[in-house]
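Undergrad: below are the sequence and a predicted model for it; my questions follow.
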Amino acid sequence: MTLWNLAFMRFEQTLFSLDKKILVAILCIYTIHTVHIRGWYYLNIVISNRSDEPIYNQIYQQLRGAIVRGEMVAGEPLPSIRSLARDLQVSVITTKRAYEELERDGYIETVAGKGSFVAPQNAELLREKRINLIEEKLVTVIQDARTLGLSLQELQHIVKLLYEEG
C-alpha cells in the first residue's frame, strides 16, 4: 500500500460524505487513457487537463516511471508518436516532445524507420533513478502531509507501518 493510498483511505469517509455532484466533479478532473503496446493493454497514462504541469511532461514522467520501475524493459518498443498522440487524444507535437525528452535523458532510443525502444539501463544508474523517483514522490507526500496538518512523527509512523507490512 502506498502512502498515497493510505492518505486516500483516511479521507475516504470525507469523500463519501460529499454531495454526489461534487464527487463526480472531482472524479472528472482526470482522464485515464490506456495505451496499446505489443498487443497488451497495460500501460495507463493519466492526463490531467487541470494540472499546471504541461501534458508532454505528464507523459514523460509516467513513461519514465514505468521504465525506472521495470514495467518496461530494455528493447521493448514504445508506441509510435502518432499512435500515442491518437490514443491520448493530444497533439503529435506534445508526444514528440515527451519522446525527445526521454531520449535526451537516456530512457529511450529511437531508430530511424523502426521506432522508439526502451534503452538499456546501467544497474547502478537505474538504482539512482529509482531513488530519485522515490524522493520526488516523497516530496509530494510531505507537502500533502503538511497540508493535512500531519506531524513528522505521524508521517514517520505511517511510513514505518507501511514499510513493515510490505
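TA: In hand now; what should we look at? Just so we're clear, the structure is a prediction, and the values are computed from it rather than from any experiment.
Undergrad: show me what contacts Gly65?
TA: Contact partners of Gly65, counting by C-beta atoms under 8 Å, 6 or more residues apart in numbering, are Leu133. (Each C-beta comes from the backbone N, C-alpha and C, glycine too.)
Undergrad: hang on, it in a helix?
TA: Yes. Counting by DSSP: H, G, I helix; E, B strand; the rest coil, one finds Gly65 located in a helix.
Undergrad: how close does it get to Leu155?
TA: 22 Å (C-beta to C-beta, to the nearest Å).
Undergrad: and if you look at Gln62?
TA: Distance, Gln62 to Leu155, using C-beta to C-beta: 25 Å.
Undergrad: excluding chain neighbours, what is closest to Arg82?
TA: Nearest residue to Arg82, sequence neighbours excluded (C-beta to C-beta, 6 or more residues apart in numbering): Val92, at 5.8 Å.
Undergrad: which element is the residue nearest the centre of the chain on?
TA: Geometric centre of the chain, nearest residue: Gln62, 3.6 Å, by C-alpha atoms, centre = their mean. Assigned by DSSP states H and E, Gln62 belongs to helix 55-68.
Undergrad: now the next helix or strand after that helix, how far from the centre of its chain.
TA: Counting by DSSP H and E, the element after helix 55-68 in chain order, helix or strand, is helix 81-88. With C-alpha atoms, centre = their mean, to the nearest Å as the basis, helix 81-88 stands 17 Å off its chain's centre.
Undergrad: check which residues of helix 81-88 are buried.
TA: Ile81, Ser83, Leu84, Ala85, Asp87, Leu88 (16 or more other C-beta atoms under 10 Å).
Undergrad: for stretch 114-126, same thing?
TA: Neighbour counts using 16+ other C-beta under 10 Å place Gly115, Ser116, Phe117, Val118, Ala119, Gln121 of stretch 114-126 among the buried residues.
Undergrad: just give me the closest of the residues you listed to Arg97.
TA: Ser116 (13.1 Å; C-beta to C-beta).
Undergrad: over to the closest one. Which of the three states is it?
TA: Ser116 ends up strand, using three-state DSSP.
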